[in-house]
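*Asks:* sharing a model that was predicted from the sequence below.
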Amino acid sequence: MKRAVPLICLGFLMLAPAAWSQSIFDKIKEQAAKLKPSAQSTQQSQPGQPGTPPPGGATNLHGLDDYNGCMAQAAGAQEKLNAQVLQRKLDHASDLSPDARKKIQEDVAWLNAKGAGQQIPSPDPKNSQRYLLEMTDEEQQEVSGTYGRYSSEVHDKCEARYGGMSQFSDPSGRLPAPIDTHVPFPDLLHATPPAHVATAREQHSACMEATHGVRWQIMAEHMERKLASTPNLSAQDRKAWEEDIAVVRAAQASGATKAPQSPDPKNPMRYMTRLDANDQIAMSQEQMARTQQVMASCRNGGAPQTAESSAQAAELAAMHDARRAQRNAPPADAAAANAAAQAWMDAHPFTPHKYLAGSATQADYLEKSGTLECFDRAKGFRAKQIADKLTAKRTTAPAEQRSQLDGWIGAWRAAEKSGAEEATPPAGSGAQDYLHLLSGTEQQEINMANSIVHNKVREECNGMDHMELHRQ
């Protein structure tokens with residue numbers, strides 16, 4: 001409509017005289033000047049119109065750009081921190097081989113370039129994480145912890161400054177905006193390297209190294225005692241003895257696993273001749289005892305052997321012995337299980353009752369027909385089997401175990417009589433303590449016989465015509 005008005009006016013101007021058209025044109029200009037501020041006020045009063053997003057609205061991406069720019073300071077931080085730790089190793093490690101030093105230098109250059117955003121291939125394309133093999137566990141943990149703290153601080157400052165969903169999790173309102181969102185980059189290059197913490201394997205190996213010098217220590221002690229108890233030695237003989245003791249003590253100090261070098265080249269085993277056969281036997285026995293003490297201490301984490309740790313070691317050894325005995329135990333006797341099951345079935349026969357017509361409910365039918373009584377024949381069999389097995393063990397059990405057996409035998413006999421599947425434990429006993437009195441083979445035979453009885457009862461009871469549906 002706004003476009004139609006100027007066109008109509010233009011048509012009048014073309015047909016009208018010049019003076020009249022001039023006056024008309026002035027009036028049109030006046031009306032247009034009045035309409036312009038009106039249109040602007042209308043547009044400002046409707047900020048939600050399509051195509052005119054207000055400043056700072058959802059479609060304004062300036063805030064998101066600021067947030068991304070703030071978070072960009074943490075880009076490549078992990079690669080840079082790994083490069084710092086490796087460079088520190090290059091600067092301070094004096095025991096690196098030329099090949100190892102060359103590899104670390106290559107990895108440092110690659111990590112720095114990757115941290116700067118450059119896409120360059122790894123110095124070892126088949127193993128792009130080779131640099132991790134050049135770092136200890138403590139150094140890797142140092143990098144991981146430092147990077148986690150640094151990236152978290154960057155994230156928190158950027159969120160607080162440029163907003164995000166985290167502002168709504170603050171119950172007191174928007175998070176206060178810090179003045180500076182820059183986070184100083186960590187400096188691991190000049191940091192003190194983390195101390196090495198020996199692993200359990202390393203601790204055990206270091207502890208077991210003490211066994212290497214035990215033999216030479218005991219030999220030197222025996223030689224010293226024998227020298228002290230041998231009178232009237234010449235100065236030359238005493239000197240030879242002392243030389244032999246000295247080389248044995250040196251072997252003890254170095255933890256040598258090979259025979260020490262004799263001071264007499266013509267007699268390389270001269271130090272061994274200082275002890276006779278009886279001394280050698282006594283030395284071997286003492287060496288075995290001391291070695292076992294060291295090994296026990298190593299199993300206990302390097303601490304001295306205590307009464308508690310000795311008891312735990314004995315308990316563990318007994319458990320291993322029991323497992324070996326179970327592994328070597330004979331298999332369960334299937335024939336004996338079948339015989340026990342059949343003897344129970346023979347002692348508990350079932351004759352179907354004559355069904356009485358007119359039963360009102362299914363429950364009434366199950367009771368009057370004898371169906372429940374048929375299935376109840378399996379009750380008590382497992383309890384009888386357990387009681388029988390425990391009774392058979394009583395004659396050969398030690399005296400301190402018989403009272404425990406008697407308590408469980410009575411409990412399972414009561415369960416057999418009541419038809420219960422489980423026995424009431426004797427006073428002071430757990431519900432499963434009786435299993436410790438039975439071997440694995442005996443438990444297998446009990447389970448096997450119990451399964452046979454249940455299968456036989458189910459087959460017989462399911463095959464009976466309780467309702468006489470097939471009677472003629």
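*Replies:* Received, thanks. Residues are numbered from 1 along each chain as shown.
*Asks:* in what helix or strand does the residue lying closest to I120 once chain neighbours are set aside lie?
*Replies:* Of all residues not flanking I120 in the chain, A113 sits nearest, at 5.3 Å (Cβ to Cβ, 6 or more residues apart in numbering). Just so you know, the C-beta spots here come from the backbone N, C-alpha and C atoms, and that holds for glycine as well. According to DSSP states H and E, A113 maps onto helix 98-115.
*Asks:* elements contacting that helix?
*Replies:* Packing contacts for helix 98-115, counted by 3 or more Cβ pairs under 8 Å, 6 or more residues apart in numbering; DSSP states H and E, involve helix 77-92, helix 130-133.
*Asks:* tell me which strands and helices the next helix or strand along the chain from the last one is in contact with?
*Replies:* Moving toward the C-terminus from helix 130-133, the next helix or strand (DSSP H and E) is helix 137-162. The helices and strands touching helix 137-162, judged by 3+ Cβ pairs under 8 Å, 6+ apart, are helix 62-71, helix 77-92.
*Asks:* just put the helices and strands packed on helix 98-115 in CSV and tack on distance to G213, mean pLDDT and mean neighbour count.
*Replies:* CSV is the format used below for the helices and strands packed on helix 98-115 (distance: least, Cβ to Cβ, whole Å; pLDDT from 0 to 100; neighbours: other Cβ atoms under 10 Å):
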stretch, distance to G213, mean pLDDT, mean neighbour count
helix 77-92, 33, 93, 19
helix 130-133, 34, 90, 16
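*Asks:* using CSV, list the CA coordinates for the helix or strand containing R402.
*Replies:* Element membership for R402, per DSSP H and E: helix 399-418. Extracted C-alpha coordinates of helix 399-418, given in CSV (Å, rounded to 0.1, in the frame of the first residue of the first chain):
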residue,chain,number,x,y,z
ALA,A,399,38.6,-86.1,70.6
GLU,A,400,38.3,-82.3,70.3
GLN,A,401,36.2,-82.7,67.2
ARG,A,402,33.7,-85.3,68.5
SER,A,403,31.6,-82.8,70.5
GLN,A,404,31.2,-80.7,67.4
LEU,A,405,30.2,-83.7,65.4
ASP,A,406,27.7,-84.8,68.0
GLY,A,407,26.0,-81.4,67.9
TRP,A,408,25.6,-81.5,64.2
ILE,A,409,24.5,-85.1,64.1
GLY,A,410,21.7,-84.4,66.5
ALA,A,411,20.7,-81.3,64.5
TRP,A,412,20.5,-83.2,61.3
ARG,A,413,18.6,-86.1,62.8
ALA,A,414,16.0,-83.6,64.1
ALA,A,415,15.8,-82.1,60.6
GLU,A,416,15.3,-85.6,59.1
LYS,A,417,12.5,-86.3,61.5
SER,A,418,10.7,-83.1,60.8
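*Asks:* count of residues packed around the residue nearest to I120?
*Replies:* Applying other Cβ atoms under 10 Å, we find 15 residues neighbouring A113.
*Asks:* re earlier: list of residues touching the helix holding R402?
*Replies:* Applying Cβ atoms under 8 Å, 6 or more residues apart in numbering, the external contacts of helix 399-418 come out as 380, 383-384, 386-387, 390-391, 393-394, 397, 420-427, 429, 433-434, 437.
*Asks:* name the residues that touch the next helix or strand after it?
*Replies:* Heading C-terminal from helix 399-418, the first helix or strand you meet, by DSSP H and E, is helix 440-462. Defining contact as Cβ under 8 Å, 6+ apart, one finds that helix 440-462 is touched by 326, 329-334, 336-338, 340-341, 344-345, 350, 371, 374-375, 377-378, 381-382, 385-386, 389, 435, 438.
*Asks:* which of those are buried? Put it as a PyMOL command.
*Replies:* This is how PyMOL selects the buried members of those, with burial counted by 16 or more other Cβ atoms under 10 Å:
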select buried, resi 332+333+337+340+341+344+345+350+371+374+375+377+378+381+382+385+386+389+438
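*Asks:* how far away is the nearest residue to I409 once chain neighbours are set aside from S451?
*Replies:* Leaving aside its sequence neighbours, I409 sits nearest to L390 (Cβ to Cβ, 6+ apart; 5.0 Å). As judged by Cβ to Cβ, to the nearest Å, L390 and S451 stand 20 Å apart.
*Asks:* kindly report the same for L275.
*Replies:* 67 Å.
*Asks:* where in the stretch 51-200 of the chain is pLDDT low?
*Replies:* Confidence mapping of the stretch 51-200 of the chain against pLDDT under 70 gives the ranges 51-63, 163-179, 198-200.
*Asks:* cool, the stretch 301-450 of the chain as well?
*Replies:* 301-330, 352-370.
*Asks:* can you list the buried residues in the helix or strand containing Q203?
*Replies:* Assigned by DSSP H and E, Q203 falls within helix 200-208. Neighbour-count burial for helix 200-208 flags C207 (criterion: 16+ other Cβ under 10 Å).
*Asks:* show me what that helix is packed against.
*Replies:* With 3+ Cβ pairs under 8 Å, 6+ apart as the test, helix 200-208 has helix 277-299 packed against it.
*Asks:* average model confidence for the helix it packs on?
*Replies:* Averaging pLDDT along helix 277-299 gives 81.
*Asks:* now it: buried residues?
*Replies:* Result for helix 277-299 [16+ other Cβ under 10 Å]: buried residues M283, E286, Q287, R290, T291, V294, S297, C298, R299.
*Asks:* I'd like these as a markdown table, with distance to S229 appended.
*Replies:* A markdown table is the format used below for these (distance: Cβ to Cβ, whole Å):
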| residue | distance to S229 |
| --- | --- |
| M283 | 16 |
| E286 | 17 |
| Q287 | 21 |
| R290 | 22 |
| T291 | 26 |
| V294 | 28 |
| S297 | 32 |
| C298 | 35 |
| R299 | 37 |
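*Asks:* quick one on the thing from earlier: so which of L275 and S451 has more stuff around it?
*Replies:* Shown here are L275 and S451; by other Cβ under 10 Å, L275 has more neighbours (16 against 13).
*Asks:* what's around N447, how many residues?
*Replies:* 14.
*Asks:* send me stretch 285-297 as CSV with only the CA atoms.
*Replies:* Provided in CSV are the C-alpha atoms of stretch 285-297 (Å, rounded to 0.1, in the frame of the first residue of the first chain):
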residue,chain,number,x,y,z
GLN,A,285,71.5,-76.0,58.1
GLU,A,286,72.1,-72.5,59.4
GLN,A,287,72.0,-71.1,55.9
MET,A,288,68.6,-72.8,55.2
ALA,A,289,67.2,-71.4,58.5
ARG,A,290,68.3,-67.8,57.9
THR,A,291,67.2,-67.9,54.3
GLN,A,292,63.7,-69.0,55.3
GLN,A,293,63.6,-66.1,57.8
VAL,A,294,64.6,-63.6,55.1
MET,A,295,62.0,-65.0,52.7
ALA,A,296,59.3,-64.9,55.4
SER,A,297,60.2,-61.2,56.1
